[in-house]
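Q: no letters, just coordinates:
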């Protein structure tokens, strides 16, 4: 028996109820008037399937995420022929998307079976199910019977208008730059590595997801009054985020390097919700070959101890980025305090979902740890954290300070510096296919300055 909760506009409510109520194995337990009633009813444990319409006021990514958190399967209906509403439902993460004029058997099958596979007759039996099979194909089911949740492809004209190469269809890797508190150099590593990969002909997107002290905009000399990450998350919440929309709020600051600027004030952290950021990162994989996320330091997730209901979490941006990452650049400082924090942080990092960590020790100098600092630090990390493969970045204040003062990347400002060379070695390890091109690098032209857009 499938228990169904509906939340539909007046155009579809009566028709859907009339279709489902005669069925003996499907029971409509509540016909909700609005989103608030829908969320409260499912939170109370009523219904294992929700049917919503694209024109339902207040329907956004947060609502769909709440339903999924309750284990509710979501079926979305849209006006037949309305491509915008269909695309929006897909982008909101609705499990099965159907036109509102879908036949009764198709709607019932979508409710009965979460995969929508068992109830669809085999395609090789045209005598009994020709009409239903044709409709299943029209509605976008894959050959295995599961609904196709892939958004409609972006047109070449739209891609070109947003500055995206028509042939640049990629499936990028996400690298999260994380480190313990104390400013170990997460942003420096993220920005310099991104610029290095871009200088080697790779497309890169920098995402500032630090909800405590994001500063990529300041480092690159960009305007930060219009944070790109807030605009992208807002579009994701409303189901309006696609590849073109993301490209518009992530301008290029040098050839191949796009930036999604962070929050200018820490008190705006509630704007970065987990479901929205996850959607942003998913779309980002199609925009750039490498997505480098500058994360906050804190990994605590204790809001459930303070609230009886679902509450926004300050650290969910960091936790979401780590969970979505393919690899984590774990950055630590090369001094006794920084190394102690790093060892403890690595242990804490192992307790949360994340990609494989790649240890990076920044600002290596003999004055902080004694002679032969690399050997000393390597021995300590292997002894106390079990880390063997570590990247070391030298203390190069002239290059770092000069680039910061100029509002440029170290790759642009100090291409022959020791720090740039060390980051180049790390880039070759992160992206081995770029190692050969690194030998052909030269001074890059003055970049096109574009302020962050979209708030």
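A: Structure's in. What do you need? For clarity, every value in this text was computed on a predicted model and none was experimentally measured. Residues are numbered from 1 along each chain as shown.

Q: counting contacts, what elements does the helix or strand containing residue 320 pack onto?
A: Using DSSP states H and E, the element containing residue 320 is helix 316-324. Secondary-structure packing of helix 316-324 (3 or more C-beta pairs under 8 Å, 6 or more residues apart in numbering; DSSP states H and E): strand 173-178, strand 204-209, helix 274-287, strand 290-295. C-beta: built from backbone N, CA, C; applies to glycine.

Q: quick one: mean pLDDT for that helix?
A: Per-residue pLDDT values across helix 316-324 average out to 96.

Q: next one: that helix to chain centre, how far?
A: Relative to the centre of its chain, helix 316-324 is centred 8 Å away, using C-alpha atoms, centre = their mean, to the nearest Å.

Q: change the start of the numbering to 57 and stick with it
A: OK, 57 is where the count begins now, so the last one is helix 372-380.

Q: thinking again about what came up before, figure out which of the helices and strands packed on helix 372-380 is closest to residue 284.
A: For residue 284, the closest of those is strand 260-265, at 8.0 Å, according to C-beta to C-beta.

Q: tell me which residues in the closest one are buried?
A: Neighbour-count burial for strand 260-265, counted by 16 or more other C-beta atoms under 10 Å, picks out 260-265.

Q: listing partners with orientation, what would you give for the longest strand seen in the chain?
A: Across the chain, the strand with the greatest residue count (assigned by DSSP state E) is strand 412-420. Within its sheet, strand 412-420 is paired with strand 383-389 (parallel), strand 447-450 (parallel), according to DSSP bridges.

Q: hmm, who's touching the last one?
A: With C-beta atoms under 8 Å, 6 or more residues apart in numbering as the test, strand 447-450 has contacts from 241, 245, 390, 414-421, 430, 433, 474-475, 478-479, 481-482, 485.

Q: now do the longest one
A: Taking contacts as C-beta under 8 Å, 6+ apart, the residues outside strand 383-389 that touch it are 229-236, 238-242, 245-246, 249, 378, 394-395, 397-398, 401-402, 405, 410-419, 486.

Q: can you flag the buried ones in the contacts of strand 447-450?
A: 241, 245, 390, 414-420, 433, 475, 478-479, 482.

Q: what's the closest of those to residue 133?
A: Minimum distance to residue 133 across those is 45.5 Å, recorded for residue 414 (C-beta to C-beta).

Q: quick check: the residue nearest to residue 233 when sequence neighbours are not counted vs residue 399, distance?
A: Computed as C-beta to C-beta, 6 or more residues apart in numbering, the closest residue to residue 233 that is not its neighbour in sequence is residue 246, at 3.9 Å. In this view, residue 246 and residue 399 are 22 Å apart by C-beta to C-beta, to the nearest Å.

Q: where do the strands sit along the stretch 107-256 of the chain?
A: 129-134, 152-155, 229-234 (DSSP state E, counting those that start in this stretch).

Q: including mean neighbour count, distance to residue 256 and mean pLDDT, could those strands go into CSV?
A: As requested, these are exported to CSV (neighbours: other C-beta atoms under 10 Å; distance: least, C-beta to C-beta, whole Å; pLDDT from 0 to 100):
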stretch, mean neighbour count, distance to residue 256, mean pLDDT
strand 129-134, 24, 42, 95
strand 152-155, 24, 40, 94
strand 229-234, 26, 15, 98
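
Q: let's have those in JSON lines, adding distance to residue 161.
A: Shown next, in JSON lines, are the strands of the stretch 107-256 of the chain (distance: least, C-beta to C-beta, whole Å):
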{"stretch": "strand 129-134", "distance to residue 161": "14"}
{"stretch": "strand 152-155", "distance to residue 161": "12"}
{"stretch": "strand 229-234", "distance to residue 161": "41"}
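
Q: among the ones you listed, which is nearest residue 453?
A: strand 229-234 (20.2 Å).

Q: partners of that closest one, with directions?
A: When DSSP bridges is applied, strand 229-234 pairs with strand 346-351 (parallel), strand 383-389 (parallel).

Q: so which of those is the most packed in?
A: Among these, strand 346-351 has the highest mean neighbour count (mean count of other C-beta atoms under 10 Å), at a mean of 29.

Q: and that one, how far out from the chain's middle?
A: For strand 346-351, the distance to the chain centre is 10 Å (C-alpha atoms, centre = their mean).

Q: centroid residue for this structure?
A: What sits nearest the mean C-alpha location of the chain, by C-alpha atoms, centre = their mean, is residue 337, with 1.9 Å.

Q: show the contacting residues for that residue.
A: 230, 263, 347, 349, 376-377, 380.

Q: for residue 76, give me the pLDDT.
A: Residue 76 carries a pLDDT value of 88.

Q: what is the burial count for it?
A: Residue 76 has 19 neighbouring residues, counting by other C-beta atoms under 10 Å.

Q: again, but for residue 101
A: Counted by other C-beta under 10 Å, the residues lying close to residue 101 total 10.

Q: much appreciated, bye for now.
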